[in-house]
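A.B. asks: below are the sequence and a predicted model for it; my questions follow.
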Amino acid sequence: DGGITQSPKYLFRKEGQNVTLSCEQNLNHDAMYWYRQDPGQGLRLIYYSQIVNDFQKGDIAEGYSVSREKKESFPLTVTSAQKNPTAFYLCASSPQGANTGELFFGEGSRLTVL
Amino acid sequence: KNQVEQSPQSLIILEGKNCTLQCNYTVSPFSNLRWYKQDTGRGPVSLTIMTFSENTKSNGRYTATLDADTKQSSLHITASQLSDSASYICVVTRENSGYALNFGKGTSLLVTP
């Protein structure tokens, strides 16, 4: 079945450690996105990529990094520079520009910093 | 400022009852509005999309309305089921906005037996 796979589902990290969240899609979508979701807040865009080997900062990119070496993959690294990394992270893709509004989301990764 | 406000923040209803969720926006120029359903601990899933020319659209027991003049949308759930318990998120897209979407904070719905 086509879809977006995020891993791991749950992740615990000690302060000062970098962690990488995986996002893989087999929908053949060009655009991919990373969002952060905190309780009581709307989704906030971290990074997005319109095409392989190209990505753009979103609203809250500080302390995060991404790569887009393959169309299917868009991993997110949460670095030690991120001040408050505990959150629910959602990866999404869309077949074209997000102007159509439809995003296809993965199941999310919950990161907890101990 | 392009904003999306949803109300109520949370709602509890009895199984079988109807409910209506509201979404008010200031996003301009308007392109489209989507309602997503997000089960706890899962990713959001699109329920319906509303464009400028559409007033009402149904998807099973879900009916969305749009009043582009007052910049309001509603999501009506008929004959609620326990599986309707979720967060419902309103997302508004601005014309020529590239990859920027405007997310509401969501309404958390709990359907009880």
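C.D. replies: It's in. Treat the numbers as computed from the prediction; the structure is a model and nothing was measured. Numbers count the residues shown, from 1 in each chain, chains lettered A, B, ... in the order given.
A.B. asks: B:Phe92 touches B:Leu33, doesn't it?
C.D. replies: Not Phe; residue B:92 is Val. Yes - B:Val92 is within contact range of B:Leu33, at 5.0 Å (criterion: CB atoms under 8 Å). Bear in mind the C-beta positions are built from the backbone N, C-alpha and C, glycine included.
A.B. asks: so what sits against both of those two?
C.D. replies: The contact sets of B:Val92 and B:Leu33 overlap at B:23, B:25 (CB atoms under 8 Å, 6 or more residues apart in numbering or on different chains).
A.B. asks: backbone phi and psi for the residue in chain A positioned nearest to chain B, please?
C.D. replies: Nearest to chain B in chain A, going by CB to the nearest CB, is A:Phe105, at a distance of 3.1 Å. A:Phe105 adopts backbone torsions of phi -100, psi 150, taken as degrees, to the nearest 10.
A.B. asks: just give me the neighbour total for it.
C.D. replies: When counting by other CB atoms under 10 Å in any protein chain shown, one arrives at 22 neighbours for A:Phe105.
A.B. asks: following the chain onward from the helix or strand harbouring B:Lys57, which element is next?
C.D. replies: For B:Lys57, the host element (DSSP states H and E) is strand B:56-59. Counting by DSSP H and E, the element after strand B:56-59 in chain order, helix or strand, is strand B:62-67.
A.B. asks: and the residue in chain B that chain A sits nearest to, which of the three is it?
C.D. replies: Closest residue of chain B to chain A, CB to the nearest CB: B:Gly43 (3.1 Å). At B:Gly43 the chain is in coil, as set by DSSP: H, G, I helix; E, B strand; the rest coil.
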